[in-house]
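Asker: I would like to see how this sequence folds:
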Amino acid sequence: MNIFYLNLKEYFLRYFNISLAFLIILSLSISGTVVVLASATSSFTQVINPGTLSVDIVNASYESVASPSVALSTATFSFSCQTSTGTFGTNTERIYITNPDAADSGWAVSLAAASPTSTWVGTGSTFDFNDPTNSGCSDSGSDSDSVGGQMTVNPASSTLAVGNCASCSTGNVSLGSQSAFSEVAPVVNSITIITGAASSDDIGDWRLTGVSISQKIPAEQKAASDYTLSLTLSIVAS
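Answerer: Numbers count the residues shown, from 1 in each chain. Below is the predicted model:
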């Protein structure tokens with residue numbers, strides 16, 4: 001058997017120029033050992049998960065603003081009810097919505113205070129943001145406080161545009177309607193700013209500027225320079 005194998009090996013090397021690898025396989029096969037060569041090709045895999053549906057206040061470079069604020073027009077002490085106005089969403093403090101394939105059935109962004117019992121607070125005194133009595137100029141007596149005042153939000157006046165997504169559109173993304181906060185019936189604790197329908201882009205981002213804000217200030221509101229009220233944006237998937 002060994003003499004036959006050596007002669008066969010010499011024959012293949014001399015006349016057929018068989019590679020060493022083949023000869024090794026042939027040798028092992030003749031000796032009764034089975035050799036199986038594995039494939040040199042690997043199958044690579046990749047998973048890309050959806051991102052998080054979110055709303056934020058960002059600057060023109062789409063970086064989060066640490067302490068966003070909205071300054072309403074300065075008022076002067078008055079014995080009559082008066083209105084102060086402002087703009088929510090500027091070029092340096094944009095309302096920014098991102099839907100990274102997280103809400104394929106749509107979404108909605110709303111604005112609300114931490115509690116319906118919140119008020120404008122300052123060193124002077126307090127006044128309300130959700131009392132509709134006398135067009136927001138008086139206290140109703142049926143809510144949780146004893147001060148008047150009401151805020152109206154008008155998203156319909158704002159400007160909507162796409163964000164960083166070059167292939168996205170504002171199609172089927174709608175601005176909310178003008179509405180005022182109210183603690184008494186009909187109760188309005190949050191106001192819809194913008195909505196994306198199910199047919200809006202499943203992957204996209206949008207920016208919003210120029211939401212009109214107006215605030216009724218009751219008569220004889222004490223003068224102070226530090227009145228503040230915190231309102232928060234939130235987003236939910238449909």
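Asker: okay, CA-based contacts and neighbour counts for the rest of this
Answerer: Noted.
Asker: which regions of the chain sit below the pLDDT cut-off?
Answerer: Counting by pLDDT under 70, the ranges of the chain that qualify are 1-37.
Asker: any idea which residue sits dead centre in this structure?
Answerer: Centroid check for the chain by CA atoms, centre = their mean gives Ser54 as the closest residue, at 1.9 Å.
Asker: what's the distance between that one and Pro186?
Answerer: Plainly put, Ser54 is 29 Å away from Pro186 if you go by CA to CA, to the nearest Å.
Asker: which residues does Val187 contact?
Answerer: Neighbouring residues of Val187 by CA atoms under 8 Å, 6 or more residues apart in numbering: Phe181.
Asker: can you rerun that using 10 Å?
Answerer: 116, 130-131, 180-181 (CA atoms under 10 Å, 6 or more residues apart in numbering).
Asker: out of those residues, what pair is the most spread apart?
Answerer: Comparing all pairs in these by CA to CA, the longest separation belongs to Pro116 and Ala180, at 12.7 Å.
Asker: out of these two, which sits in the busier spot?
Answerer: Using other CA atoms under 10 Å, the more surrounded residue of Pro116 and Ala180 is Ala180, with 23 against 20.
Asker: residues contacting the more buried one?
Answerer: Neighbours of Ala180 in contact, by CA under 10 Å, 6+ apart: 129-132, 136, 150-154, 187-191, 213-215.
Asker: which residues of the protein fall in helices?
Answerer: Per DSSP state H, the chain carries helices over the ranges 2-15, 20-30.
Asker: how's this protein carved up into domains?
Answerer: With domains defined by automatic domain parsing, the chain comprises 1-37, 54-221+228-237.
Asker: could you dump these to a markdown table with distance to Phe44?
Answerer: Formatted as a markdown table, the domains of the chain follow (distance: least, CA to CA, whole Å):
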| stretch | distance to Phe44 |
| --- | --- |
| domain 1-37 | 20 |
| domain 54-221+228-237 | 24 |
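Asker: quick check: which of the ones you listed is buried the most?
Answerer: domain 54-221+228-237 (a mean of 18; mean count of other CA atoms under 10 Å).
Asker: how far does that one sit from the chain's center?
Answerer: Offset of domain 54-221+228-237 from its chain centre (CA atoms, centre = their mean, to the nearest Å): 15 Å.
Asker: any idea how far the nearest residue to Gly196 once chain neighbours are set aside is from Asn49?
Answerer: Once flanking residues are discounted, Gly196 sits nearest to Val173: 4.4 Å by CA to CA, 6 or more residues apart in numbering. Counting by CA to CA, the gap between Val173 and Asn49 amounts to 24 Å.
Asker: cool, Ser169 as well?
Answerer: Taken as CA to CA, the span from Ser169 to Asn49 is 22 Å.
Asker: could you do Val236 as well?
Answerer: As defined by CA to CA, Val236 lies at a distance of 19 Å from Asn49.
Asker: ok, now Gly171?
Answerer: Using CA to CA, Gly171 is found at 25 Å from Asn49.
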